[in-house]
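J.: turn this into a structure:
(3 chains)
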Amino acid sequence: MTNALERHKYDVLVIGAGGAGLRAAVEARESGLRVAIICKSLFGKAHTVMAEGGAAASMGNANSNDNWKVHFRDTMRGGKFLNHFRMAELHAKESPDRIWELEMWGALFDRTKEGKISQRNFGGHEYPRLAHVGDRTGLELIRTMQQKIVALQQADKREHGDYESHIKVFAELTITEILKENGKIAGAYGYWRESGSEVLFEAPAVIIATGGVGKTFKITSNSWEGTGDGHALALKAGANLVDMEFLQFHPTGMVWPPSVRGILVTESVRGEGGILTNNKGERFMFKYIPDVFKDKYADNEAEADRWYEDQDNNRRPPELLPRDEVARAINSEVKAGRGTEHGGVFLDVSKRLSAEVIKKRLPSMWHQFYELAGVDITKEPMEVGPTCHYVMGGVEVEPDTAAAVGVPGLFAAGEVAGGMHGSNRLGGNSLSDLLVFGRRAGMGAAAYVKQTTATPVSDANVAAAAARIEAPFARSGGENSYSLHAELQEVTHNLVGIIRTGAELKDAIEKIAEIRKRSANVAVAGGRKFNPGFHLAFDLDNMLLVAESTAKSAIGREESRGGHTRDDFPGMDSGWRQYNHISSFDGTQVSVRKQALPFMPKDLFDLFEVDELKKYMTPEEIAKGGSN
Amino acid sequence: MSGVFSPTRAKIKERTLRTDKWWLQPAITFAVLFSFIIYATFRAFEGDNYFVEPLISPFYSPCLSQACVEGSTIFGWTPVSAEIFNFALSPALIILIFPLGFRMTCYYYRKAYYRAFWLSPPACAVAEPHSKYTGETRAPLILQNAHRWFFYAGLLFNVFLTYDAVISFKNAEGEWGHMSVGSLVLLASSTLLWFYSLSCHTCRHTVGGRLKHFSKHPIRYKLWSWVSVLNHSHQQFAWYSLAAVAFADIYVRQVATGAWTNFYFF
Amino acid sequence: MARKINLRIWRGDSTNGGLQDVQVEANEGEVVLDVIHRVQATQMGDLAVRWNCKAGKCGSCSMEINGKPRLACMTQVAAYGEDETITVTPLRAFPVIKDLVTDVSFNYQKAMEIPAYAPPADLKPGEARMEQVDVERSQEFRKCIECFLCQNTCHVIRDHEENKKSFAGPRFFIRIAELDMHPLDILKNRKRTAQEEHGLGMCNITKCCTEVCPEHIKITDNAIIPMKERVVDIKYDPARMFSGLLKREKRN
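T.: Below you'll find the predicted structure:
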């Protein structure tokens, strides 16, 4: 087997070809390194294309009062101050440059009258801040970077005579294992989805940019790719995951018909004036404004309506509260029996905007509802409800280099990395996160590669990885990966969902362990060639680790904050704000421990009003006034 | 074995698995265009029954030949001799080349006849019967690029036909201020021809499509926007104008032969 | 609410294959991709199919349904008659890999051959100024989700394998048009190379690409024909040919 094994040597291996992976690859290549990009599906299909609203960057094109400090404050507020301050700071400072850079690579954002990049409003952002292209911003991002990579390949062709001499995309390839030698990264092992044949990559640096974990849940906006591969690969390679209890349920997913359940309805619908009502026609969001947001959000319809015309003198409509608040509000309305027939609430944009304006500003939403659900959103309301959308938790990294803590040579960026968004991510901060930390991961990896020596992967390591791939074929009459996956989704949906309790989480942990035991016995029918049953067997393994980590982190955190709501501990606890949950894996199970969250330095601390910080921090922390 | 039957493709023996009536559209196109060609050929060679005061058939206008019947010419201007190499030349033959060329090279008609006549392809995802295909890269089809030349000529013809429509608002004695069914027929056909020409892709390109920066040419941008709206219906204008021209010719011929009487409203 | 439907799925690989009949349950509102997934989960665990977003945004689940190139996620089962058999095959313009999955690498090869966006050398990040009216045409083409249905349906390559080397296809004609219309792109020879290297002249504007585009991009009217007209500008325009002749005479 080893004789015929396909082998590749690169300086940097990027796992994942979404926004973060491609941005990292561009950066590593521009530092002069040879880069391999692995994508699980075709090049350019990554889940980034689904991002609709925009990329947050305080360019100040729409409102000149905006700057990085305001963006930083909004991000920390949105994350309930559980964010790693340094990541939020870098993100707020560097986002504008990353957007302008995209424009240099050919992105065509919508324009303001002065010809600058137009910026739109979004939940949790004080000013219009999201650079956008209609409602297909994610597609623009991924296509721009895809084309930037092609541009680099064309330059390589001119210089070296081969498009793929320095940057090569390996499409439809799954990585099953990250390989280490002497405690350092040495490469990765995987298989071509097309043929099932195995591949060894040797590289001193690996960047994980695999995105999210949504497929662990039953109702999700994520595609099949969101199976937490990177989270699991990192855990198994010895890295930590931080705060895996925080999952963002996007408040507005489609709820009907069943086949489209979970598919996202962009937040821009609310940004453009969509209102939420229950089955009594009541605009219920006014009832759900938490105290910490009282001075920023309108408490009556008249003021909320005025805000769309005059944003300086009115408070924002409560539909634009951070996502976690809106998701919980919808959840409560439905539970109280005020939901729609299909278990959602109404989102209506037809009353405020004309049909032409709706089709112009929300074209793909109009199509999505018209073609998938037979609903004309220019005439009637949409039915929406929460859907699992984003995981705030992820690989613990050094903010400046995106290096995974504890594993030399391993880097992580994008959704798979943790810390940046705290307990809840603001809409629009994901696309800018990809760009900022994708680039930093590329830089970090390049710097690392230049001061280290590559270690060849040992034969024993290769043999072990190969044996793992072969195993499910050797079994017969074992478990079916499809039904185990469905069982797992049922458990997470019912027991680790939006609203959690200690007892249910305990139950979930047992059930996940049980499914994991059975998953060791998964058998695969058919051959290796493009066999989805075989592919799912590996994805399932990853999802189980992620679910275990989420459930175990959730049971420990005895408070409610952002994307983690405990029915038995409904309040936010300033004491808990001082801690991250760190998951690690010992080869058999995930264990979770508390770790102190770094406290922000004085210059950042001073960006906030003390009165505001009092809502989140203990008196001792306030008294300290910053870490220096 | 090429195309969908190439060795690497999925082995499916049917040329298409479409279950709808995909052949209907090309069949109709073929029938209508073919009938028009037969009729137009007959009329072009007939050399008669194309003028009856004050109506002239669009197939014969402008009438530039010395063979033109009295009154059908424009101020008696007949620069073309009645015969070439002892071959009697119908006055239609020297001018039909232009409107015909305009339609032959039109981006819409190209689609229509490549599908209906040349079956290249007969319909989407239906395998075509040809083993070689080079498109419009070499003679004679490279001449399709002359569409712009015919477009300019077509505009000139529209002027003549509009003139014909205007002078049809006379009575048989040449007095102004009358209107007959014939005047309406000519007016309709010349108007539809304008719509057909102005909605054409070359027109859209010429008025503004070729620009890189619309913002620097606001008037041409406006024009381009209007022509773009018309362009959406170019296919419809192509058929309506064809039908209108054919009917105008039939009408004039029937009146000229005395089969129909040109009814005057006033 | 659920009903049984008859599905006929092409199964096989490049060496062999054929259509197989299956009965599968379909619920109200489901799309063809849903029932394919049900077949996969209950009857054919190793049935190969590509898909990602299931919302018509990624362009992965391209296949041919009753002979028409379509996205399976955007094709309602209810669009077909109660007793109608729905026939599902892989794209027929590309080499088949397995079942409904084809090798679409042709498209990625072509993507590499289109010269990249070329802004002015002195343009600094953040200083680009573009008017909305100037970017709108190119934005339409950037809606493309690269499902490659246009490439698949285009008879130039679907019916003539040998043309693949000299023809970029509709997807890349809109890419060329996008760049040629981009307000800041300065590469001058896009029109000429479109005609001479990428096979624009092979297109006989029969519009099947536009018919199958799930993003409703007016590929033919807004990209291919305008590019053909731009080629006429530089190669076949009467006025320019005349002035070109004059210039050549002067040079001689």
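J.: any residue of stretch C:123-141 touching chain B?
T.: Yes: for stretch C:123-141, a contact with chain B is found by C-beta under 8 Å from any C-beta of the partner chain, at C:Glu131, C:Val133, C:Asp134. In short, each C-beta sits where N, CA and C put it, glycine included.
J.: what's in contact with the helix or strand where B:Tyr113 lies?
T.: Take DSSP states H and E as the rule and B:Tyr113 turns out to sit in helix B:107-116. With C-beta atoms under 8 Å, 6 or more residues apart in numbering or on different chains as the test, helix B:107-116 has contacts from B:25-27, B:29-30, B:33, B:103, B:120-123, B:144, B:147, B:200-201, B:234-235, B:238, C:204-207, C:220, C:225.
J.: mind listing the helices for the stretch 1-150 of chain C?
T.: Residue ranges of the helices in the stretch 1-150 of chain C, as given by DSSP state H, counting those that start in this stretch, are C:32-42, C:105-113, C:132-142, C:149-153.
J.: so what's the residue lying closest to B:Leu143 once chain neighbours are set aside up against?
T.: Nearest residue to B:Leu143, sequence neighbours excluded (C-beta to C-beta, 6 or more residues apart in numbering or on different chains): B:Thr105, at 7.4 Å. Counting by C-beta under 8 Å, 6+ apart, B:Thr105 touches B:Leu143, B:Gln144, B:Ala146, B:His147, B:Phe150.
J.: out of the helices of the stretch 1-150 of chain C, flag the one nearest B:Lys21.
T.: Checking the helices of the stretch 1-150 of chain C against B:Lys21 by C-beta to C-beta gives helix C:149-153 as the closest, at 18.1 Å.
J.: check which element follows that closest one along the chain.
T.: The helix or strand immediately downstream of helix C:149-153 is helix C:155-158, counting by DSSP H and E.
J.: that following helix vs chain B: in contact?
T.: Yes: contact between helix C:155-158 and chain B is present through C:His155, C:Val156, C:Arg158 (criterion: C-beta under 8 Å from any C-beta).
J.: wait, what's in contact with the first one?
T.: So the one you mean is C:His155. Contacts for C:His155 (C-beta under 8 Å, 6+ apart) come out as B:Ser120, B:Pro121, B:Ala127, B:Glu128, B:Tyr133, C:Thr206, C:Cys208.
J.: which of these fall in helices?
T.: Helix and strand membership here follows DSSP state H; of the contacts of C:His155, those in helices are C:Cys208.
J.: export the contacts of C:His155 to JSON lines and tack on distance to chain A, pLDDT and neighbour count?
T.: Putting the contacts of C:His155 into JSON lines (distance: C-beta to the nearest C-beta, whole Å; pLDDT from 0 to 100; neighbours: other C-beta atoms under 10 Å in any protein chain shown) gives the following:
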{"residue": "B:Ser120", "distance to chain A": "30", "pLDDT": "94", "neighbour count": "18"}
{"residue": "B:Pro121", "distance to chain A": "26", "pLDDT": "95", "neighbour count": "29"}
{"residue": "B:Ala127", "distance to chain A": "26", "pLDDT": "96", "neighbour count": "19"}
{"residue": "B:Glu128", "distance to chain A": "29", "pLDDT": "94", "neighbour count": "23"}
{"residue": "B:Tyr133", "distance to chain A": "28", "pLDDT": "94", "neighbour count": "21"}
{"residue": "C:Thr206", "distance to chain A": "25", "pLDDT": "96", "neighbour count": "26"}
{"residue": "C:Cys208", "distance to chain A": "20", "pLDDT": "97", "neighbour count": "27"}
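J.: any chance of the contacts of C:His155 in CSV, with distance to B:Ala40 too?
T.: As requested, these are arranged in CSV below (distance: C-beta to C-beta, whole Å):
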residue, distance to B:Ala40
B:Ser120, 24
B:Pro121, 27
B:Ala127, 32
B:Glu128, 27
B:Tyr133, 29
C:Thr206, 24
C:Cys208, 29
